[in-house]
Every structure is written in structure tokens, then in C-alpha cells.
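Visitor: starting from these lines, generate the structure:
(one chain, ligands or ions: 1)
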Amino acid sequence: MSAAQSIDRSQFAPLKNDLILRAARGEVVERPPCWIMRQAGRYLPEYHDVKGKRDFFETCRDAEVAAEITIQPVRRYKGLIDAAIIFSDILVIPQAMGMKVELIDGKGPHFPEPLRTPSDLQKVLDYEVDVLKELDWAFKAITLTRKNLNGEVPLFGFCGGPWTLLVYMSEGGGSRLFRYAKEWINLYPELSHKLLQKITDVAVEFLAQQVVAGAQILQVFESWGGELSSVDFDEFSLPYLKNIVERVPKRLIELGITEHVPMTVFSKGSWYALDKLCNSGFDTVSLDWSWDPKEAVKINNGRVVLQGNLDPGVIYGSDEIITKKVQYMIENFNGSKKNYIINFGHGTHPFMDTEKIRFFLKECHRLGSN
Ligand SMILES: Cc1c2[nH]c(c1CCC(=O)O)Cc1[nH]c(c(CCC(=O)O)c1C)Cc1[nH]c(c(CCC(=O)O)c1C)Cc1[nH]c(c(C)c1CCC(=O)O)C2
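Guide: Numbering: from 1, shown residues only. Predicted coordinates for the structure are as follows:
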């Protein structure tokens, strides 16, 4: 087991806005909290100013810079955003597991040596991961960000879902056909399970240590969930997501943290799995835009808090259309003034207009307060 981090919690100011934590606990709240996936990053000119020509992962690894970029949207949209999410990436787990990952400008993530054969995989299975050592920079960035946030809003920690990370580790980057990931689960299912379990073990420790470092709420991004058939989701994704949500609170208790830290799962495209995800142990289930809120609320039947799910593409629309779509979303998710957190159904795009996003957030506040 990893050694303990020693964090001086007195450097953290008391929270001024705990709306999202109350909503995630299922309490009735004055308005649904809002934040946006990928709210930090390329659509913000101040992100480019700070990042300059630095490499993406170098940016994440510099605590001062990562903290600044994390806080940028909270500062720009002051009073309109109810959570920050640490500026990092889901691919830092494969890095901690000994794999090289680069981010190529305009092309996205690239693994020079993806997992293609059982012997490639064996190397990863044999690699002993010391989460505290390998991801030490991530914890430092979280602690500094929490301090610099000065209690403004709670800070999300996050990680990738095991299946999604298997996809990146085997495909070597983004994919359309998922040939290699599908080869793994269909040609070598037992080895695939070993890899998924190993990723899960690292994810549990990583999430728990993010909380020790200062994260107040957690999200697991299973961004490629929808690429699995329903039956394969039950075998290659869901058990590992459940394992994560079961073990993180236990690990937190071992690490001396007894308060409940809300956990969210976002499995993009897994429409067939909503009922199961509502029983999986996560406090919050984040939905992509394929869901009609009415249908999702019916299936959920009050079991979890739902998060989502505006099509980010709506931001390209007129103010009238944004208002209309936000209104439909809020009315249909938030009928009971609880069990709802506003978000997009996926992340922001790099070319979005910052003022349109402000308009969206203002409308969420106005319509959510009715
Ligand atoms: C699949 C995935 C990744 N990373 C992530 C996911 C899950 C969410 C999702 O489904 O989108 C998660 C992620 N990536 C990033 C964050 C930071 C915090 C935030 O949301 O504001 C988070 C939460 C920053 C980032 N991660 C990345 C960037 C772009 C870096 C740059 O070019 O400046 C940012 C801001 C790079 C990255 N990282 C990844 C891809 C596919 C890419 C490149 C593609 C793209 O451009 O969107 C993998």
C-alpha cells in the first residue's frame, strides 16, 4: 500500500458554495447546481495565454499552471459555476502504469507503444504501480487548486473508466472502429479482465488519494461505454465501475476520511444501462444528450441524482433556442427540486463562444430558480 500524504487541511478555506454537494446527497436545493464537462481548456482565450507553447501533459504536471487553468472558468463565470474540475486527463492512469502517452496538437492522444499482444499486456500487468509516487504531481495540483479556490466552489477529482482506458491503451489513441479493443475482449477475454482489474485497482487508489489531496467530489468518465453491447457492458465495464464505487469509500476510511464523498459516473452512450447504473452505488449518474429527461427520470425513479444533459451543440444556436432547450431540460429533470445537477451531455468544444456559454449559465440560474 502507498504511504500517506501529509496534507495541512488548515490551508483550505471553508466552502462558500456547497450547492453541488447538497444536491449530490439528494437534498432538496434552491436551484440545480451547474458545471460543464471540459469547462477549462481550449475555448477560453486565457487558457491559451497561460498554456503558451507548453506540452499538454507538462501543463497538467505544473501545479501552479494546472491550478490557474482549473480556476479560470470559475473566475470568468463568477457566481454562475458551482464546481471546479481539476485540470488533468483520464490518460494519466496509463502513464502511471508505465505507458508513454503524448498529446499531438490537433490530433489528440497518442500511445507510441499500444497494447497489441499478450506479451505487451504482461509487461503492464507486471509493472508495479506506486500511485503516490507516479501521480504525486496530480495530488500537488489538487492541493494547490483547493487552496487557491479559497472555498469558492467544491473541487472535482476524476479518473477514466477501466474500459475506456483499455480502449486508449490498446487503440493507441482515439478510434472509430475499436478494432484492437474489441480484439482484446473477444480474443483474450481473460487477459482483458486482468487488465481491467489492474486499472481498477489503480483508479481506486488514485481517486481516494485525490480526496486526501483536497478533492471534494469525484467523477468517473467511461467515455467509450456506448461502444460495448449491453451484454459486454455487463461483463467488461459495469463490474469494474461498481468495484470502484464500492472500494473508494473503504479506502478513504483507511486513509482517515470518514465523510461521504459523492461519486458520479458518466458512461457515454450506455443508454441500455441506465437502470443498472442507477443501482450501481454511484450517487450521481451523468447522462449524454441522447436521453429525453422525462424518460431518464422515469427509469431512475428517485434512486440517484441525474446530471446532464444538454447537447453541447446547442451552444451554437440562437439565444431563443438555447433558452427553449434549457427550459425543457430543467423542467423535466428538476420537477421535484432535487436529484438534478445541470451539465452538458459531453464536453465543451474548442471553438465555442465564451459569451454563449455565459448566456447558457445565466439561463440555467434564471430558469432553475423558478
Ligand atoms: C476521453 C477523455 C480524455 N480526457 C478526458 C476524457 C473524458 C471526458 C470525455 O469523454 O471527453 C477527461 C478530461 N480531459 C481534460 C479534462 C480537464 C478538466 C475539464 O473538464 O475542464 C478532463 C476531465 C482536459 C483536456 N484533455 C485534452 C485537452 C486538449 C488539450 C489541448 O489541446 O490543449 C484538454 C483541455 C486532451 C485529450 N484527452 C483525451 C482526448 C480524447 C483528448 C484530445 C481530444 C480533444 O481535443 O478533446 C482523453
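
Visitor: helix or strand for F158, which one?
Guide: Assignment of secondary structure by DSSP states H and E places F158 within strand 155-160.

Visitor: and the helix or strand following that strand with strand 155-160, angle?
Guide: Sequence-wise, the next helix or strand beyond strand 155-160 is helix 162-171, with elements assigned using DSSP H and E. Helix 162-171 and strand 155-160 are oriented at 50 degrees to each other (axes from the mean of the first three to the mean of the last three C-alpha atoms, to 10 degrees).

Visitor: dump helix 162-171 to PDB, keeping only the CA atoms.
Guide: The C-alpha coordinates for helix 162-171 follow below in PDB (Å, rounded to 0.1, in the frame of the first residue of the first chain):
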ATOM      1  CA  PRO A 162     -11.400   1.000 -16.900                       C
ATOM      2  CA  TRP A 163     -13.000   0.000 -20.200                       C
ATOM      3  CA  THR A 164     -12.300   3.500 -21.700                       C
ATOM      4  CA  LEU A 165      -8.700   3.300 -20.600                       C
ATOM      5  CA  LEU A 166      -8.400  -0.200 -22.100                       C
ATOM      6  CA  VAL A 167      -9.600   1.300 -25.300                       C
ATOM      7  CA  TYR A 168      -7.000   4.000 -25.300                       C
ATOM      8  CA  MET A 169      -4.200   1.700 -24.200                       C
ATOM      9  CA  SER A 170      -4.900  -0.800 -27.000                       C
ATOM     10  CA  GLU A 171      -6.000   1.500 -29.800                       C
END
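
Visitor: by contact count, what packs against that helix?
Guide: helix 92-96, helix 179-187, helix 189-213, strand 217-222, helix 238-254 (3 or more C-beta pairs under 8 Å, 6 or more residues apart in numbering; DSSP states H and E). Placement of C-beta: from N, CA and C, glycine included.

Visitor: the same query, at a cut-off of 7 Å, please.
Guide: helix 92-96, helix 179-187, helix 189-213, strand 217-222 (3 or more C-beta pairs under 7 Å, 6 or more residues apart in numbering; DSSP states H and E).

Visitor: any idea which of these is most buried?
Guide: Of these, the one with the most neighbours on average (mean count of other C-beta atoms under 10 Å) is strand 217-222, at a mean of 25.

Visitor: low-scoring stretches of this protein, by residue?
Guide: Applying pLDDT under 70 to the chain flags residues 1-3.

Visitor: can you give me the strands in the stretch 1-150 of the chain?
Guide: With strands called from DSSP state E, counting those that start in this stretch, the stretch 1-150 of the chain shows them at 84-85, 102-104, 108-110.

Visitor: to the ligand, which of these lies closest?
Guide: Nearest to the ligand, of all the strands of the stretch 1-150 of the chain, is strand 108-110, at 3.7 Å by C-beta to the nearest ligand atom.

Visitor: where does this structure come near the ligand, residue by residue?
Guide: Residues of the chain lying close to the ligand by C-beta under 6 Å from any ligand atom are 37-42, 56, 85, 87-91, 103, 108-109, 158, 174, 221, 223, 347.

Visitor: surely D89 and C60 touch.
Guide: Yes - shown here, D89 and C60 form a contact pair, counting by C-beta atoms under 7 Å, at 6.3 Å.

Visitor: could you give the angle of the strand holding F158 to strand 217-222?
Guide: Using the same axes, to 10 degrees: strand 155-160 against strand 217-222 is 20 degrees.

Visitor: would you turn the strands of the stretch 1-150 of the chain into JSON lines with mean neighbour count?
Guide: Shown next, in JSON lines, are those (neighbours: other C-beta atoms under 10 Å):
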{"stretch": "strand 84-85", "mean neighbour count": "25"}
{"stretch": "strand 102-104", "mean neighbour count": "14"}
{"stretch": "strand 108-110", "mean neighbour count": "15"}
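
Visitor: and the helices in the stretch 201-350 of the chain, which stretches?
Guide: In the stretch 201-350 of the chain, the helices defined using DSSP state H, counting those that start in this stretch lie at 230-236, 238-254, 274-278, 293-300, 319-333.

Visitor: now those helices as CSV including mean neighbour count?
Guide: Converted to CSV, the helices of the stretch 201-350 of the chain look like this (neighbours: other C-beta under 10 Å):
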stretch, mean neighbour count
helix 230-236, 16
helix 238-254, 18
helix 274-278, 18
helix 293-300, 16
helix 319-333, 17
